[in-house]
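Asks: okay, structure incoming, though there's no sequence with it:
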Ligand SMILES: Cc1cc2nc3c(=O)[nH]c(=O)nc-3n(C[C@H](O)[C@H](O)[C@H](O)COP(=O)(O)OP(=O)(O)OC[C@H]3O[C@@H](n4cnc5c(N)ncnc54)[C@H](O)[C@@H]3O)c2cc1C
């Protein structure tokens, strides 16, 4: 492991310190953390550098230079990340640098399109934070999410994709036949087509300890991580919706017993799934009115879930091999609300799923596969309604969407000439 070249001086209660730690983590930059509440020498160092003021976070770099209370944009600049595009007009702007966005960028740039990809945090998206990617074809021993992301990013750069990092897309608009993309740093760029590849985030429990054991006993995807727990005695599933029940049943393929923790008094799942849970031979036990209050670990792995029955107040500790949290996903689409058609949960509708009433401007043209209700705007990967939330499928959707985009650009060139 490489020695961290960056040190963050902060304190556990400081939200800006957490933000800076998250930002460096997303950029895969190893750092040393000094909690000045615990470390007197660290506190003295902060006071010395800031003329006696106790200002945190203070972030010290390899060359001994430092930033105090930096914004993410200031940190990005200091780390040499590209946050500003070279041009204003592009053939295609891709929003989101996860597997779907990066793959689409490779396809489009390789065919000669001028492509700008805008990513608000770490390249690789959710795949970048996956400890081990075990089910992506072509890597018989598996591959770390970070290495996978670095490889795909390198490939995109080889074909000339321009990549912005630490830049958030906040709004889209249409002007004189061009799509306009407005970013968090007050800039905007124009393009002929847009790909939305902003993915989704798993809803978290927000209890102490959860963040510390993600990937080390706390998981969000049974298809992805269930097989790591083959032969174990117990896995916990948190949630009572259809996906929690389906994933819980799937996990019985790997473990002797699945314990489901449900906040309410029932499971909200299909009849077939409920029948399976209630079968006399079922290996699923359901605890209703139960919430997780804290997660603890040992040797960097999950050890204990502290749970409580909300009716009786009774507390209990569980020691499962892993806990899978299925309490929903949040698509990253706030900037699309009232702009493109979304489903009831906020996922983007595309192709045949979109209502034709919304495509008045293009009545004569059926939406292309992956095209949204706004002609020229496409969506691929986890953000898309009906997608399967896997790296392999996000990669496939990115490739397929770029072929539709090629068709759209070809047609719009034809129209411009006519
Ligand atoms: C912990 C974990 C483990 C997983 N393990 C596996 C596994 O083993 N196998 C597997 O196949 N799948 C796994 N998955 C699922 C897989 O990672 C996703 O299905 C896949 O990454 C989806 O790719 P995507 O490109 O559609 O979206 P994402 O990977 O979510 O990427 C979207 C990107 O868009 C960016 N973005 C969002 N909004 C904006 C905005 N407004 N402006 C700019 N950028 C924005 C985000 O920062 C993100 O980088 C795992 C997921 C997690 C969280």
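Replies: In hand now; what should we look at? Owing to the predicted nature of the structure, the values given are computational and were not obtained by experimental measurement. Residues are numbered from 1 along each chain as shown.
Asks: tally of neighbours for the closest residue to residue 95 other than its chain neighbours?
Replies: Nearest non-adjacent residue to residue 95, counting by CB to CB, 6 or more residues apart in numbering: residue 169, 4.8 Å away. The way it works is simple: take the backbone N, C-alpha and C, and place the C-beta from them, glycine included. By the criterion of other CB atoms under 10 Å, residue 169 has 24 neighbours.
Asks: doesn't residue 118 make contact with residue 169?
Replies: Yes: the criterion here is CB atoms under 8 Å, and residue 169 meets it with residue 118 at 5.6 Å.
Asks: what do the two both touch?
Replies: Listed as contacting both residue 169 and residue 118 by CB atoms under 8 Å, 6 or more residues apart in numbering are 95, 181, 183.
Asks: what is the neighbour count of residue 310?
Replies: Residue 310, neighbours per other CB under 10 Å, totals 12.
Asks: which residues touch it?
Replies: Residue 310 touches 263, 289-291, counting by CB under 8 Å, 6+ apart.
Asks: ok, and which of those residues reach the ligand?
Replies: Near the ligand, judged by CB under 6 Å from any ligand atom, there are no entries from the contacts of residue 310.
Asks: narrow those to just the buried residues.
Replies: With burial judged by 16 or more other CB atoms under 10 Å, the buried subset of the contacts of residue 310 is residue 290.
Asks: what is the most widely separated pair among the contacts of residue 310?
Replies: 289 and 291 (8.2 Å; CB to CB).
Asks: quick check: neighbours shared by these two?
Replies: In contact with both residue 289 and residue 291: 263, 310, using CB under 8 Å, 6+ apart.
Asks: the residue of the stretch 301-418 of the chain found nearest the ligand - how many residues pack around it?
Replies: When scored by CB to the nearest ligand atom, the stretch 301-418 of the chain has residue 381 as its residue closest to the ligand, at 2.1 Å. Residue 381: 34 surrounding residues under other CB under 10 Å.
Asks: how close does residue 78 get to residue 21?
Replies: Using CB to CB, to the nearest Å, residue 78 is found at 15 Å from residue 21.
Asks: show me where the stretch 101-250 of the chain has its helices.
Replies: 125-128, 145-158, 222-225, 242-251 (DSSP state H, counting those that start in this stretch).
Asks: any chance of those helices in a markdown table, plus mean neighbour count?
Replies: Listed next are the helices of the stretch 101-250 of the chain as a markdown table, based on neighbours: other CB atoms under 10 Å:
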| stretch | mean neighbour count |
| --- | --- |
| helix 125-128 | 26 |
| helix 145-158 | 18 |
| helix 222-225 | 20 |
| helix 242-251 | 21 |
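Asks: where among these is average confidence lowest?
Replies: Of all the helices of the stretch 101-250 of the chain, the minimum mean pLDDT falls on helix 222-225 (a mean of 85).
Asks: starting at the chain centroid, how far to it?
Replies: 16 Å (CA atoms, centre = their mean, to the nearest Å).
Asks: just stretch 336-346 next, same as before
Replies: 18 Å.
Asks: next one: that stretch, is it in contact with the ligand?
Replies: No: Stretch 336-346 lies apart from the ligand when judged by CB under 6 Å from any ligand atom; the minimum separation is 9.1 Å.
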